[in-house]
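Engineer: just need the structure, nothing else, for what follows:
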Amino acid sequence: MLRYDPTDPQWASDPWPLYAELREAGRLQRSEQGFWVVTRHADCQALLRDRRASSDSTQVDITKVPPAGLRRSVADDDGSLAQAEVDNRPFLFRDPPDHTRLRGLVAKAFTPKMIDGLRARTEAIVAELLDAALERGELDVVAELAYPLPVRIICEMLGVPVADHERFQGWSAALARGLDPEFLLTEEVIAARMRPSPPSGSTCSSSSPSGEPILATTS
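Structural biologist: Numbers count the residues shown, from 1 in each chain. Coordinates of the predicted model:
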């Protein structure tokens, strides 16, 4: 059985020997956690393009999911929170036609013309981040360039005030971790994810640089 542990810190520090082990093990292996691991690029591409495969969690037979892949649910008396979690799952975890419809809506905001319009501001932010690194005399490429750059761009696209950028970065990190399976998360992160959402209809407000209000309402 394949020794494949995605929680191993070596995946972050030095993954290359682990990749070599995966390649040598064969194209398709069963991991110690009970999952199938596909190790060849061509096979991964074929699997992702095969319409018999599904990205939709609602299509999964949980009786066949290894314990490591199961996710604890928020305390839910009437099942409404569980249903809301299903209804609001990201389009990354949906199959056509829902995936196609939602991806089309997102694509409209990221046309080549739109992206090209961000070029000058993106270059200015990169220069700012690199100048700060030069002053410090060191640069963590991920933490101080690759991560803050897209967060800054997204904040500006949404009109998030500069004073709230750090808070927004924390929110985005929490949302990103929310996509990870539980066996990759710490107990602290799992506990935070299982806290009930704000009451239906609650509203958070802020304002854009032009002074226009930004409202985020849960429903």
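Engineer: got a list of contacts for the strand or helix carrying residue 103?
Structural biologist: Using DSSP states H and E, residue 103 falls within helix 98-107. If you take CB atoms under 8 Å, 6 or more residues apart in numbering as the criterion, helix 98-107 is touched by 55, 91, 92, 94. C-beta here means a position set from N, CA and C on the backbone, and glycine is covered the same way.
Engineer: quick one: the third one from residue 109, how far?
Structural biologist: I take that to be residue 92. According to CB to CB, to the nearest Å, residue 92 and residue 109 sit 16 Å apart.
Engineer: dihedrals phi and psi, residue 140?
Structural biologist: phi -90, psi 110 (degrees, to the nearest 10).
Engineer: once you drop chain neighbours, what's closest to residue 53?
Structural biologist: Spatially, and ignoring its direct neighbours in sequence, residue 53 is nearest to residue 47 (5.5 Å; CB to CB, 6 or more residues apart in numbering).
Engineer: that neighbour: neighbouring residues, count only.
Structural biologist: Applying other CB atoms under 10 Å, we find 13 residues neighbouring residue 47.
Engineer: so it belongs to a helix, correct?
Structural biologist: Yes: assessed with DSSP: H, G, I helix; E, B strand; the rest coil, residue 47 lies in a helix.
Engineer: quick check, central residue of this structure?
Structural biologist: residue 176 (3.4 Å; CA atoms, centre = their mean).
Engineer: secondary structure element for that residue?
Structural biologist: helix 165-177.
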